[in-house]
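Q: have a look; sequence and predicted model below, questions after that.
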Amino acid sequence: MEIFDRELNGMLLFSLLAAQNGWQVLLGGKKSLFPLLGDLPQGIVVLKSVVPGEVEIQDKIRGYGHKVTSIDAEGLLPSNGKSGVELRYSSETISKSDKLFFWGPAQYDQVKEYFPSISNIGAVTGSPIFDYWRLHKFSRHSVSNQDQKTILIATSFPFANHVIDPEQAYDAVRVASGKQASEEHLQEIFLGGALQEHVYPKFIEMVHTISKTLIDYKVILRPHPAESPTIWSEIAALYDNVELQYGGEISKWLLECDYFIHFNSTTSIEARYYDKQVITLVPELKGELADRLNEFALLASTVCRTSRDVLEAITESADPASENSRLDLNGIIAGADSDDIALSSSNIVHHLEDLGPPDAVDRIMPSKISLFFSLSTFKSMLKLRIIWLLGWIDYFTKVFNDRYAAMRHFYKYGKTKQGKLKANHLSTKVGMFADALKLQRDMFRIGKIKNGLFLIRTRS
């Protein structure tokens, strides 16, 4: 996993289903798991993406005899055009994968258009992340306060308002694109940043307009994990009806709101799935900037050009169901209309069993002590610390021409994306998921290997 708030619930539910089917599952963050690959029995690694810039990780996984699979955590909304697809996949990363899973037909078809070889290893399964949305929707009812309507506003401007440094977002794109990325490719991807920078001040203006005009509404500001909360905190302090919600999963806030406002956000699909009225602010755009808008996010939303349009969309209270016909949810998420909570996870487990029999319980797992004190983990930690130090040296002296400067933020940025996994937190969720799947709570064992890494298996 990379961003726990986004990925943990779905992947934990998927892990329980895999464990039920005979697998031992190591669940954790990338920096906790990757150093241990050489210490583990051969298995299957499920990556959160196979972006071109991380092909070396695939080589490492395969070098230790593991198989490589992936369900792209950011694959809900198909990427914009060829450059968008090439930001997530390449011929090389596809050739070094044993199986790649897709959220729905739209994502699969788009990748296949530019990389026909995907047909050899691609499978449309849905995503465990959506399984969690389905569980959340079926197990809870909207608890919106009928006396006070609630507006949830998700701000998605990491390029314009990055939590560390604006250049950090651009550096992340460069890394994901890989060393072979052309300047033309990067410039097209960077248009997404230009789009955010163009809309950002207008979005701030819109938040002010809503907050001071709709004083009888409760307004919740929810920044993107990679955004600085400072500006939104300042706005929340100005108005009695506004509060800032930062960190944690967004699903429960979506269920409790009446209106969801966003800009070009994947969360628009989740909100639409929960039957919320979804609104997006999209000022008049021309040419290349307009091309970077995601068509599915637009289809999921009432599109407003100005702050006044947003106010009218809220006060006129359009029926969300009447707009659902504009969006084919099954085209975006396989089996979106199914009531099988674990459908996506079941599909993926089925494909994993085709890659290798679920005999993981018969393979000898190293002791937790040996994994905790793994030499490879120590080497990895030392290497990251050295690169972090080089980042600060490069930042102040330019001795490496800014090659390592961005790495000075490695630890701080990592904390904003992950935080810590706690055993009692996971145990609580396992109990909830087991109940939803109609499984015995005590059939699962959860063992902490080290910070950010847990072993999940059945007791039998």
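A: Now that the structure is in, tell me what you want to look at.

Q: gap between the top helix by length along the chain and the chain center?
A: The longest helix of the chain (DSSP state H) is helix 183-213. Its chain's C-alpha centre lies 20 Å from the corresponding centre of helix 183-213 when counted by C-alpha atoms, centre = their mean, to the nearest Å.

Q: now for residue 341: which residues touch it?
A: Taking C-beta atoms under 8 Å, 6 or more residues apart in numbering as the contact definition, residue 341 lies against 131, 134, 135, 138, 436, 437. All C-beta atoms are positioned from the backbone trio N, CA, C, and that covers glycine.

Q: regarding it, what is its secondary structure?
A: At residue 341, secondary structure determined by DSSP: H, G, I helix; E, B strand; the rest coil is coil.

Q: against residue 328, how distant is it?
A: 22 Å (C-beta to C-beta, to the nearest Å).

Q: do residue 16 as well
A: Applying C-beta to C-beta, the value for residue 16 to residue 328 is 30 Å.

Q: have a look at those two and say which one is more surrounded.
A: residue 16 (26 against 15; other C-beta atoms under 10 Å).

Q: after the longest helix of the chain comes which helix or strand?
A: strand 218-223 (DSSP states H and E).

Q: packing partners of the helix or strand containing residue 100?
A: Using DSSP H and E, the element containing residue 100 is strand 99-102. For strand 99-102, the packing partners by 3 or more C-beta pairs under 8 Å, 6 or more residues apart in numbering; DSSP states H and E come out as strand 67-71, strand 122-124, helix 343-355.

Q: ok, residues contacting it?
A: So strand 99-102 is contacted by 50, 67, 69-72, 75, 94, 108, 111, 118, 121-125, 127, 334, 347-348, 351-352, 355 (C-beta under 8 Å, 6+ apart).

Q: stretch 178-187 now?
A: Applying C-beta under 8 Å, 6+ apart, the external contacts of stretch 178-187 come out as 51, 52, 53, 55, 83, 86, 90, 173, 174, 177.

Q: how about the residues you listed, which pair is most distant?
A: Among the contacts of stretch 178-187, the pair separated by the greatest distance (C-beta to C-beta) is 55 and 83, at 18.0 Å.

Q: counting neighbours, go ahead and name the busier of those two.
A: Just comparing residue 55 and residue 83: by other C-beta under 10 Å the higher neighbour count belongs to residue 83, 22 against 18.

Q: roughly how far apart are the closest residue to the more buried one other than its chain neighbours and residue 124?
A: Leaving out its chain neighbours, the residue that sits closest to residue 83 by C-beta to C-beta, 6 or more residues apart in numbering is residue 188, at 4.2 Å. Residue 188 sits at a distance of 27 Å from residue 124 (criterion: C-beta to C-beta).

Q: neighbour-wise, which of the two wins?
A: residue 188 (20 against 17).

Q: wait, the more buried one sits on residue 86?
A: No: using C-beta atoms under 8 Å, residue 188 makes no contact with residue 86, being 9.4 Å away.

Q: any stretches of the protein with poor pLDDT?
A: 140-146, 317-325, 357-363, 404, 406, 409-419, 460 (pLDDT under 70).

Q: domain ranges for it?
A: 4-127+337-365+423-458, 141-326, 366-419 (automatic domain parsing).

Q: I'd say residue 86 and residue 114 touch.
A: Yes: between residue 86 and residue 114 there is a contact at 7.1 Å, judged by C-beta under 8 Å.

Q: those two - which one has more neighbours?
A: The neighbour comparison of residue 86 against residue 114 (other C-beta under 10 Å) goes to residue 86, with 23 against 17.

Q: now the helix or strand the more buried one falls within: buried residues?
A: Assigned by DSSP H and E, residue 86 falls within helix 81-88. Neighbour counts over helix 81-88 (16 or more other C-beta atoms under 10 Å) mark 83, 84, 85, 86, 87, 88 as buried.

Q: list the contacts of the last one.
A: Applying C-beta under 8 Å, 6+ apart to residue 88 gives the contacts 49, 50, 51, 72, 74, 75, 79, 111, 176.

Q: same check, this time on the fourth one
A: Contact criterion C-beta under 8 Å, 6+ apart gives 52, 114, 177, 181, 185 as the residues in contact with residue 86.

Q: measure the third one to residue 294 for me?
A: Counting by C-beta to C-beta, the gap between residue 177 and residue 294 amounts to 19 Å.

Q: one more: the first one?
A: Here the distance between residue 52 and residue 294 works out to 21 Å (C-beta to C-beta).

Q: now do residue 31
A: 30 Å.

Q: now swap in residue 328 and tell me
A: Noted for residue 328: a distance of 15 Å to residue 294, by C-beta to C-beta.

Q: what of residue 109?
A: Residue 109 is 15 Å from residue 294, where distance means C-beta to C-beta.

Q: compare the two (neighbour count), which wins?
A: Using other C-beta under 10 Å as the criterion, residue 109 and residue 294 rank with residue 294 on top: 20 against 14.

Q: in space, what's closest to that one - neighbours in sequence excluded?
A: Among residues not flanking residue 294 along the chain, residue 77 sits closest, at 4.9 Å (C-beta to C-beta, 6+ apart).

Q: what is the burial count for that neighbour?
A: Neighbour tally, residue 77, other C-beta under 10 Å: 22.

Q: just residue 288 next, same as before
A: Neighbour tally, residue 288, other C-beta under 10 Å: 12.

Q: what does the one 10 residues further on give?
A: The local packing count at residue 298 equals 16, with neighbours defined by other C-beta under 10 Å.

Q: same check on residue 206?
A: Neighbour number of residue 206 under other C-beta under 10 Å is 24.

Q: the one 4 residues further on too?
A: Here the neighbour count serves as a burial measure; for residue 210 (other C-beta under 10 Å) it reads 23.

Q: residues in contact with it?
A: 151, 153, 217, 219, 261, 307, 310, 311, 314.

Q: which one (most neighbours) among the residues you listed?
A: residue 261 (31 neighbours).

Q: and it, what element?
A: Per DSSP H and E, the secondary structure element for residue 261 is strand 259-262.

Q: which is the next helix or strand following that strand?
A: In N-to-C order, the element after strand 259-262 by DSSP H and E is helix 267-273.

Q: once you drop chain neighbours, what's closest to residue 457?
A: Nearest one to residue 457, counting by C-beta to C-beta, 6+ apart, is residue 24 at 4.6 Å.

Q: isn't the one you found right up against residue 449?
A: No: counting by C-beta under 8 Å, residue 449 is not a contact partner of residue 24; they are 11.5 Å apart.

Q: common neighbours of those two, please.
A: By C-beta under 8 Å, 6+ apart, the residues touching both residue 24 and residue 449 are residue 455.

Q: now do the helices in the stretch 351-460 of the chain.
A: 368-372, 375-397, 410-417, 423-436 (DSSP state H, counting those that start in this stretch).

Q: can I get the ones you listed in CSV including mean neighbour count?
A: Output for the helices of the stretch 351-460 of the chain, formatted as CSV (neighbours: other C-beta atoms under 10 Å):
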stretch, mean neighbour count
helix 368-372, 14
helix 375-397, 14
helix 410-417, 14
helix 423-436, 15
